[in-house]
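Colleague: Fold the following.
(chains A and B)
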Protein chains: 2
Amino acid sequence: MSEEELDARHAEKMRKKKAARDKIMATKTIEKGLLIVHTGKGKGKSTAGFGMVFRSLGHGHKVAVVQFVKGRIETGERMALDRFSDLVTIKRMGEGFTWETQDRQRDIAAARQAWEAAKDLIRSREYRLVLLDELNIVLRYDYLPIEEVVEFFKTEKPEDVHVIVTGRNAKDELIEIADLVTEMEQVKHPFRSGVKPQEGIEF
Amino acid sequence: MSEEELDARHAEKMRKKKAARDKIMATKTIEKGLLIVHTGKGKGKSTAGFGMVFRSLGHGHKVAVVQFVKGRIETGERMALDRFSDLVTIKRMGEGFTWETQDRQRDIAAARQAWEAAKDLIRSREYRLVLLDELNIVLRYDYLPIEEVVEFFKTEKPEDVHVIVTGRNAKDELIEIADLVTEMEQVKHPFRSGVKPQEGIEF
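Modeller: Prediction:
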């Protein structure tokens, strides 16, 4: 096939794709606060959550972040959020869940405290987006009853508030009621070849 | 089992997990600029890329972003990046690839121009992190030869520069040489229930 023929065929194909896409998008008319879940074993769950946080901040929206696991809001993110201190509220809960303590009762209390704060932030309708970073971890260990969390999202989350929940092993009950669920799958990881966590990449 | 027994068992389990994790992390000693690929059909590929950009900016690193597809750097991200104008360089290439034009020769020229800019930014070593947003799209349509791109990463990317490549359908040749590959898999998408793209979420 000549370059000209290739170009013509391409133009026709793209025309069709665009027409199909325009037709689909025309049916999308509902605006609503989404319940978004980032799960899976791969990287990028919290990172994409924070990407949405920054996108929202860029629009001038108010955003809240609740950290369910100690130290999960990494230095880089914290320092970047500092430039938006007019718009962002961060709750770091007690010590949060951590591999370091092995104290189950303290972890349960911290999870409860974080969840109460999360509910207040979501209910307040002051924030267009609320990121519940690593909530899936505390749900996985049953530090919070999944039924209670699902019930809250179903009955109390205001229609115009977006909520993002991150962490591996998202519970089926949460996936069931979510609007948007992405699974981050690990294809290749540099730790396997001895590379250590690096500034700006892991933290 | 009583609560006390549960707590004790948990403490023991966590102690073991932590010991195993500490042992693994002690073997991770290499620091190097990574080639990172975010691919798959799910959401979050570019969003996680920008999340890393903001994390790096938070650390005060200089960052460059090259946009291979028109309009892919969305309003929210652009406005958020504006708060870091001292640290960030953005290249939007010509019109970039777009569903709107159906002009293959123009798209090829735009891809070439973007790639040349990307190489200069990476080679300069001025930037700790360079995001090549949606490069996979132009590779998929063979607007740039994959061999040339792979050869550049293998021989010319400085050791201390991180590069992130996003876009679905990453080529096998790219995955082969990458250090960190995550596949974003779509589990559930709100467009399916008629929800339209919303400010702060899709753009």
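Colleague: List the residues that contact A:Lys162.
Modeller: One thing to correct before we go on: residue A:162 is His, not Lys. Taking CB atoms under 8 Å, 6 or more residues apart in numbering or on different chains as the criterion, A:His162 is in contact with A:33-36, A:52, A:56, A:128-130, B:198, B:200-201. Placement of C-beta: from N, CA and C, glycine included.
Colleague: Stretch A:183-198 near chain B at all?
Modeller: Yes - Stretch A:183-198 lies within reach of chain B by CB under 8 Å from any CB of the partner chain, at A:183-191, A:193-198.
Colleague: Which one (most neighbours) among those?
Modeller: Ranked by neighbour count (other CB atoms under 10 Å in any protein chain shown), the residues of stretch A:183-198 next to chain B have A:Met184 at the top, with 27 neighbours.
Colleague: Quick check: it vs B:Leu180, distance?
Modeller: Distance of A:Met184 to B:Leu180, computed by CB to CB, to the nearest Å: 12 Å.
Colleague: quick revisit: which of the residues of stretch A:183-198 next to chain B fall in strands?
Modeller: Counting by DSSP state E, the residues of stretch A:183-198 next to chain B place A:183-188 in strands.
Colleague: immediately after the helix or strand bottoming out on mean pLDDT in chain A, which helix or strand?
Modeller: Of all helical and strand segments in chain A, the minimum by mean pLDDT, DSSP states H and E falls on strand A:88-97, at a mean of 75. Going down the chain from strand A:88-97, the next helix or strand is helix A:104-123, by DSSP states H and E.
Colleague: residues of that next one that come out buried?
Modeller: Buried residues in helix A:104-123, counted by 16 or more other CB atoms under 10 Å in any protein chain shown: A:104, A:106-108, A:110-111, A:114-115, A:117-119, A:121-122.
Colleague: cool, stretch A:60-72 as well?
Modeller: Under the neighbour-count criterion of 16+ other CB under 10 Å, stretch A:60-72 has A:61-70, A:72 buried.
Colleague: Among those residues, name the ones that also lie close to chain B.
Modeller: A:His61.
Colleague: Farthest-apart pair in the buried residues of stretch A:60-72, please.
Modeller: Greatest spacing in those, by CB to CB: A:His61 and A:Lys70 (27.1 Å).
Colleague: hmm, back to that, so which of the residues of stretch A:183-198 next to chain B comes closest to A:Ile146?
Modeller: Using CB to CB, A:Glu183 comes nearest to A:Ile146 of the residues of stretch A:183-198 next to chain B, at 18.3 Å.
Colleague: From what I see, the closest one and A:Thr39 are in contact.
Modeller: Yes - counting by CB atoms under 8 Å, A:Thr39 is a contact partner of A:Glu183 at 5.6 Å.
Colleague: just checking, what's the longest helix in chain A?
Modeller: In chain A, assigned by DSSP state H, the helix with the most residues is helix A:3-26.
Colleague: by contact count, what packs against that helix?
Modeller: helix B:104-123 (3 or more CB pairs under 8 Å, 6 or more residues apart in numbering or on different chains; DSSP states H and E).
Colleague: Is the helix it packs on in proximity to chain A?
Modeller: Yes - interface with chain A: helix B:104-123 contributes B:104-105 (CB under 8 Å from any CB).
Colleague: Show the average pLDDT along that helix.
Modeller: Helix B:104-123 carries an average pLDDT of 92.
Colleague: For A:Gly167, give me its contacts.
Modeller: So A:Gly167 contacts A:38-39, A:45, A:68-69, A:133-137, A:139-140 (CB under 8 Å, 6+ apart).
Colleague: Appreciated, that's everything.
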